[in-house]
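J.: Quick one, fold the following:
(one chain, ligands or ions: 1)
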Amino acid sequence: MELTPFVNIINKNCGLIVESNNSPNLSAAIYKRMTTKHLENSEQYFNCLLNSPEEIQNLTDLLTNNETYFFRERSHFQICIDHLIPDILKRKKAIKIVSAGCSTGEEPYSLAIALADRYGMDIFDTVSIFGFDINQTVLRAAKNGEFRSNSFRDDGTAYRGKHFQKTEQGNYKLNLLIKGAVQFFHVNLSQSHFPKELCNVDIIFYRNVSIYFSQQTKKLILNNLRKALNDNGHLILSSTETFSHGLEGLVLEEIDGHFFYIKKNVVKQIPQKTLPKIKRNEVPRSSALENRKIPTAPKPLFDKDKNPSYLFERGLEYAIKKNYEKSFSYLEALLALEPANIEAQNLCATIYINLQQLEKAKERCQNVVALDEWNLEARLLSGIVARMEDNYKDAVKWFKSVSFIQPSCWTAHMYLAELYNLEDDIKGAYREYSLALKHLMKSGVEKRNLSYFPLACNQEQLAHLFEHNLESLKQRTNKV
Ligand SMILES: C[S@@+](CC[C@H](N)C(=O)[O-])C[C@H]1O[C@@H](n2cnc3c(N)ncnc32)[C@H](O)[C@@H]1O
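T.: Just a heads-up that it's a prediction; the model follows:
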């Protein structure tokens with residue numbers, strides 16, 4: 001069966017990528033629908049799809065991944081009720097929370113249960129909760145509010161006895177009061193405009209939905225979700241989802257080691273203090289350089305000395321030779337021409353780390369984060385600085401932020417593993433070394449997001465080291 005036309009129609013309709021030409025899911029779904037409709041071949045079924053939005057919906061319902069369970073990533077619900085809601089209530093009298101891609105309802109109902117347990121049922125006079133999904137079948141199940149034991153996979157199900165009643169079939173029926181606290185709507189998140197119910201939102205849960213979308217669809221949906229948020233509204237993604245870089249107006253925030261986004265409508269400016277206005281061709285003399293009696297950039301400036309890439313290459317060349325004085329003179333000359341040159345700022349930060357001038361390194365990293373909030377290199381360098389200062393908490397925070405922005409960054413996982421190991425958090429160290437190993441093998445040693453730190457070993461040696469550490473952690477666990 002030729003699947004491409006079906007792939008295209010599904011992609012166009014809901015943004016899902018089901019494009020692998022031997023996708024068993026897609027052909028199984030098509031056969032299932034053909035049988036139900038008593039059609040003999042796929043051409044007939046395709047014609048039927050073309051003329052029936054209802055049939056597209058039926059097919060889509062068979063193609064979405066609806067995996068979910070109560071209190072999945074419990075910390076997100078905790079942060080919501082402990083921090084976000086009290087904070088919003090200081091500013092507003094009513095709060096709207098949305099679960100975008102709610103599946104069979106476990107996510108929005110978990111929130112309702114957590115709210116009721118913490119604040120009592122009156123909280124629903126103030127907080128409204130909405131669940132949205134493209135799949136009509138899961139929405140019907142969500143509205144029905146009856147769940148199998150599989151929905152209670154998370155540890156700690158004390159709430160189940162309180163809010164559910166066991167049915168004769170061995171399922172769990174949600175109490176009417178909690179059920180009534182959540183409203184469900186059909187939505188296609190990949191359409192260009194959201195319905196009014198999905199506007200002016202204070203907190204959006206958008207977790208485990210984007211995995212099967214193309215980059216373009218991911219970006220479109222994130223942009224629309226940002227628009228749907230009120231100012232200072234929060235967007236919560238699952239910790240394994242990659243965030244598309246640099247989405248204007250969404251700022252990464254951290255509470256208790258957990259990350260989410262906040263909508264800020266501010267135009268970012270580089271603080272004057274960190275990047276002084278410099279006249280063109282005037283070579284700055286930073287105090288660090290003065291202290292080290294480093295000569296300023298070669299004078300007079302020739303044409304090539306005004307060429308940014310030439311200046312950078314020379315700066316890098318001298319940095320590699322560990323001739324930091326010369327390297328700085330080129331980099332500072334470059335930064336005089338282009339104060340916002342991120343590569344040069346990061347290279348300066350790396351050199352300062354090598355020179356153990358940690359305050360200076362921090363300042364350069366701050367410059368970069370002010371220019372490009374999602375810059376992984378500056379975040380990794382900030383983590384390295386914090387680690388050198390024995391500031392465990394900040395180091396973990398920086399590396400965690402990198403692993404959140406780009407879950408495949410093995411360097412961040414490696415540093416996290418080392419830190420957890422130091423703190424005797426064996427489980428954490430084991431998890432992070434496993435992730436470091438997995439992503440190292442997938443993306444290769446070159447993709448480490450630290451451009452200027454030379455590596456002492458090759459991929460094979462590094463993988464061997466991670467495996468060795470994993471083995472000793474396993475032995476330590478057995479001894480405990
Ligand atoms: C894996 S479930 C995640 C459920 C819940 N958010 C969680 O984290 O447990 C993903 C849900 O996203 C829904 N979904 C997929 N594409 C969608 C779209 N274009 N618009 C709305 N919902 C969509 C699917 O139907 C599915 O129920």
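J.: Not counting its own residues, what contacts the helix or strand where Phe404 lies?
T.: Using DSSP states H and E, Phe404 falls within helix 392-405. For helix 392-405, contacts defined as CB atoms under 8 Å, 6 or more residues apart in numbering pick out 239, 242-243, 245, 252, 254, 257, 259, 374, 376, 379-380, 382-384, 386-387, 409, 411-413, 415-416, 419, 422-423, 435, 449. Every residue, glycine included, has its C-beta placed from N, CA and C.
J.: switch the cut-off to 7 Å
T.: Here helix 392-405 makes contact (CB atoms under 7 Å, 6 or more residues apart in numbering) with 239, 243, 252, 254, 257, 259, 374, 376, 379-380, 382-383, 386-387, 409, 412-413, 415-416, 419, 423.
J.: Now the buried members of those.
T.: Neighbour-count burial (16 or more other CB atoms under 10 Å) is assigned, among those, to 239, 243, 252, 259, 374, 376, 379-380, 382-383, 386-387, 409, 412-413, 415-416, 419.
J.: And Arg160, how far from His413?
T.: To His413, Arg160 is 34 Å away according to CB to CB, to the nearest Å.
J.: Output the below-cut-off pLDDT ranges for the protein.
T.: The chain contains residues with pLDDT under 70 at 19-24, 155-156, 240-248, 265-306, 456, 479-480.
J.: switch the cut-off to 50
T.: Within the chain, the stretches with pLDDT under 50 are 21-22, 244-246, 267-302.
J.: Give me every residue in it that's in contact range of the ligand.
T.: 14-16, 64-68, 72, 101-103, 107, 133-135, 138, 187-190, 207-209 (CB under 6 Å from any ligand atom).
J.: In strands, which of those residues appear?
T.: Asp133 (DSSP state E).
J.: Can you show me the strands along this structure?
T.: Here the chain has its strands, by DSSP E, at 95-100, 127-133, 146-147, 164-166, 172-174, 182-186, 201-205, 229-236, 250-255, 258-263.
J.: just so I know, which of those strands lies nearest Asn51?
T.: With CB to CB as the criterion, Asn51 lies closest to strand 182-186 of those, at 20.8 Å.
J.: what's the angle between that closest one and strand 127-133?
T.: 30 degrees (axes from the mean of the first three to the mean of the last three CA atoms, to 10 degrees).
J.: List the buried residues of strand 182-186.
T.: Quick answer for strand 182-186 (16+ other CB under 10 Å): 182, 184.
J.: So which elements touch that strand?
T.: helix 106-119, strand 127-133, helix 136-144 (3 or more CB pairs under 7 Å, 6 or more residues apart in numbering; DSSP states H and E).
J.: swap the cut-off to 10 Å and go again
T.: strand 95-100, helix 106-119, strand 127-133, helix 136-144 (3 or more CB pairs under 10 Å, 6 or more residues apart in numbering; DSSP states H and E).
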